[in-house]
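Visitor: Any chance you could fold what I've pasted below:
(one chain, ligands or ions: 1)
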Amino acid sequence: MKYIAYCRKSREEKDKQILSIQAQIAELKEYAKREHLEITEFVEEEKTAKVPGREKFAEVLKKIEKQQVSGIIAWHPDRLARNSIDGGKIIYLLDTGKLKDLKFPTSWFENTPQGKFMLNIAFGQSKYYVDNLSENVKRGLRQKLRNGVYPGKAPFGYINNPKTRGIDVEPEKLRAIKKAFELFAEGNKTFTDIAFLLHKFNLKRKNSKPLHINEIRRILANRFYVGIMEYNGEYHEGTHKVAISKELFQQVQKQLEFKDRRKKRRYNFAFMGLMRCGECGATITAESHKKFYKGTNRTVEYIYYRCTKKIKPCNQPYISEPELETQFRKAIDDVALPETWAKDWYKWLDEDEKLETVSIHENIEKLQTKLKDLDIKLNKLLDCYLEGIIEPDVYKNKKNEFFEEKLKNKTKWFELARTFQKLHW
Ligand SMILES: [Zn+2]
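Guide: So this is what the prediction gives:
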């Protein structure tokens, strides 16, 4: 009988007990000599058997299918298969009689119902080992998240503690991060300014240069600094030390948005988008012109508005911004509310305010109950997920929904509490 020898080791198999491909070849040669087996060729493959789709393995199966060889030699069953599809293919070839024998130096096999049963277990065990390994890793990560510990690399200002497996603070760096948030919130600092500031505090790239501005943007938008961990698209509350207040974080987010908007449209013309040409109905565009006056040594910016004339020819000339403002005022005056109505408006507003004071207290209580409810729901959801009652995707979506709601309610609660305080001072 002719045998084909299949040797496999993937790069990700760090296990020292698994021989290298060269060592497997040597072992199989010696084994074949001892057992008087004829090996026609050695097939080497450097791929994982955790998932189907190995090319060399498929070729081996094809050769057996075509009855060019009728036996396989491998160092251990787990070299052949570590997933149920490839394991099933081997068993099926044995069942149909095209594969007549398997030989393993490390494991006994006989082509009998018992032998196939044992083989199935050997393949299954490999799969169990693989499943178990990744399940344990996942469970470890999940447990960390549940404990409020970020399972990934700690962001700037923090450091992973390999002993406690927690996340510690690097005080000096975290102070620098805080300073960066504070400066950026003021609104007149660029990403590059922040990069240079952080560089002074030893927060830099591997090549010692200041951090890239994209990295600065990521830092300034990272909710980790206010105690929220984002992992795999899910939000979790962290137990690490919070670096900055939610208010400061919000201010910085506003600045980031502002920078984005300004990038999109460099000029922010006051009256843009509010009107169309009175003659032809086309949209109005604006332009800015700068003029330098030597006498007074200053530059003055003039803003003009004009018809785009995109619909049809139109005779309307340019108009300056102050002129346009006059036109606008006149147009608004024509539709404004009469003076006498104002008194009634104020009366209504006063009454609203009185009603609000009463309801604020009720609302605060309601929100507190709602927050507690959400916590209970979140915990139940996690239990359902861990017990396998709901799918990971469903869990993820629902959880983010709850979490967003919780954040919203918390913010509302803070606002209400603050208003309440003011009213009672
Ligand atoms: Zn026009």
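Visitor: Tell me the residues of the stretch 251-400 of the chain that contact the ion?
Guide: With Cβ under 5 Å from the ion as the criterion, the stretch 251-400 of the chain meets the ion at residues 277, 279-280, 282, 307, 314, 316. (Glycine included, C-beta is placed from N, CA and C.)
Visitor: low-confidence ranges in the stretch 101-250 of the chain?
Guide: Residues of the stretch 101-250 of the chain that meet the criterion pLDDT under 70 lie in 126-136.
Visitor: Which residue does it have closest to the ion?
Guide: Gly187 (37.9 Å; Cβ to the ion).
Visitor: List the contacts of that residue.
Guide: 255, 258 (Cβ atoms under 8 Å, 6 or more residues apart in numbering).
Visitor: how does it look with 10 Å?
Guide: By Cβ atoms under 10 Å, 6 or more residues apart in numbering, Gly187 lies in contact with 251-252, 254-255, 258-259.
Visitor: Find the residue at the geometric middle of this protein.
Guide: Gly233 (4.4 Å; Cα atoms, centre = their mean).
Visitor: Give me the distance between it and Glu257.
Guide: 22 Å (Cβ to Cβ, to the nearest Å).
Visitor: Please apply the same query to Lys408.
Guide: The value you get for Lys408 to Glu257, if Cβ to Cβ is used, is 18 Å.
Visitor: Val60 now?
Guide: 59 Å.
Visitor: Among these two, which residue is more densely surrounded?
Guide: Val60 (22 against 10; other Cβ atoms under 10 Å).
Visitor: hang on, that one packs against Glu45?
Guide: Yes. Counting by Cβ atoms under 10 Å, Val60 touches Glu45, with 9.0 Å between them.
Visitor: List the residues that are in contact with both of the two.
Guide: 6, 54.
Visitor: next one: phi and psi at the residue nearest to the centre of the chain?
Guide: phi 80, psi 10 (degrees, to the nearest 10).
Visitor: in the sheet, who's paired with Arg306?
Guide: For Arg306, the beta-bridge partners under DSSP bridges are Thr285.
Visitor: residue ranges of the strands in this structure, please?
Guide: 2-8, 38-45, 71-73, 101-103, 158-160, 167-169, 228-231, 234-237, 284-293, 298-307, 319-320 (DSSP state E).
Visitor: Dump the ones you listed into a markdown table; add mean neighbour count as well.
Guide: Below are those laid out as a markdown table (neighbours: other Cβ atoms under 10 Å):
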| stretch | mean neighbour count |
| --- | --- |
| strand 2-8 | 22 |
| strand 38-45 | 15 |
| strand 71-73 | 23 |
| strand 101-103 | 19 |
| strand 158-160 | 18 |
| strand 167-169 | 18 |
| strand 228-231 | 18 |
| strand 234-237 | 16 |
| strand 284-293 | 12 |
| strand 298-307 | 14 |
| strand 319-320 | 14 |
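Visitor: Include distance to Pro52 when you put the ones you listed into a markdown table, please.
Guide: Formatted as a markdown table, those follow (distance: least, Cβ to Cβ, whole Å):
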| stretch | distance to Pro52 |
| --- | --- |
| strand 2-8 | 14 |
| strand 38-45 | 13 |
| strand 71-73 | 17 |
| strand 101-103 | 19 |
| strand 158-160 | 36 |
| strand 167-169 | 39 |
| strand 228-231 | 29 |
| strand 234-237 | 30 |
| strand 284-293 | 60 |
| strand 298-307 | 66 |
| strand 319-320 | 71 |
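Visitor: out of these, which comes closest to Leu198?
Guide: Closest to Leu198 of these is strand 158-160 (Cβ to Cβ; 14.3 Å).
Visitor: Which other helices and strands does that closest one contact?
Guide: strand 167-169, helix 171-186 (3 or more Cβ pairs under 10 Å, 6 or more residues apart in numbering; DSSP states H and E).
Visitor: circling back: not counting sequence-adjacent ones, nearest residue to the residue nearest to the centre of the chain?
Guide: Nearest non-adjacent residue to Gly233, counting by Cβ to Cβ, 6 or more residues apart in numbering: Lys396, 6.5 Å away.
Visitor: Gln143 versus the one you found, what's the distance?
Guide: Relative to Gln143, and taking Cβ to Cβ, Lys396 is found at 17 Å.
Visitor: thinking again about what came up before, neighbour-wise, give me the winner out of the residues of the stretch 251-400 of the chain next to the ion.
Guide: Those, ranked by neighbours (other Cβ under 10 Å): first place Cys307, 22 neighbours.
Visitor: List the contacts of that residue.
Guide: By Cβ under 10 Å, 6+ apart, the contact set of Cys307 is 276-285, 314-319.
Visitor: Identify the residue spatially nearest to it, adjacent ones excluded.
Guide: Cys277 (4.0 Å).
Visitor: which residues sit in contact with Glu325?
Guide: Taking Cβ under 10 Å, 6+ apart, one finds 270-271 in contact with Glu325.
Visitor: any idea how far it is from the ion?
Guide: Distance, Glu325 to the ion, using Cβ to the ion, to the nearest Å: 19 Å.
Visitor: State the pLDDT value of that residue.
Guide: Note for Glu325: predicted pLDDT of 83.
Visitor: Test my guess that Glu12 contacts Arg82.
Guide: No. Glu12 lies out of contact with Arg82 (Cβ under 10 Å); the separation is 11.7 Å.
Visitor: Between the two, which contacts overlap?
Guide: Contacts common to Glu12 and Arg82, judged by Cβ under 10 Å, 6+ apart, are 48, 50.
Visitor: So for those two, which sits in the more crowded spot?
Guide: Arg82 (24 against 9).
Visitor: That one reaches Ile18, doesn't it?
Guide: No. Using Cβ under 10 Å as the test, Arg82 is too far from Ile18 to be in contact (11.6 Å).
Visitor: Mutual contacts of the two, please.
Guide: 8, 10.
Visitor: Just want the phi and psi numbers for Ala209.
Guide: Careful, residue 209 is Lys; it's not Ala. According to degrees, to the nearest 10, Lys209 has phi -80, psi 160.
Visitor: From Gly157, how far out is it?
Guide: 19 Å.
Visitor: higher neighbour count, those two?
Guide: With neighbours defined as other Cβ under 10 Å, Lys209 and Gly157 compare such that Gly157 has more, 26 against 10.
Visitor: Compare Lys396 and Gln143 (neighbour count), which wins?
Guide: With neighbours defined as other Cβ under 10 Å, Lys396 and Gln143 compare such that Lys396 has more, 15 against 12.
Visitor: contacting residues around the more buried one?
Guide: Lys396 neighbours (Cβ under 10 Å, 6+ apart): 232-234, 385, 390.
Visitor: Tell me who's in contact with the nearest residue to Ala81 once chain neighbours are set aside.
Guide: In this structure, Ala81 finds its nearest non-sequential neighbour in Gly87, 4.0 Å apart by Cβ to Cβ, 6+ apart. Neighbour list for Gly87: 49, 52, 77-78, 80-81, 119-120, 122-124, 126-127 [criterion: Cβ under 10 Å, 6+ apart].
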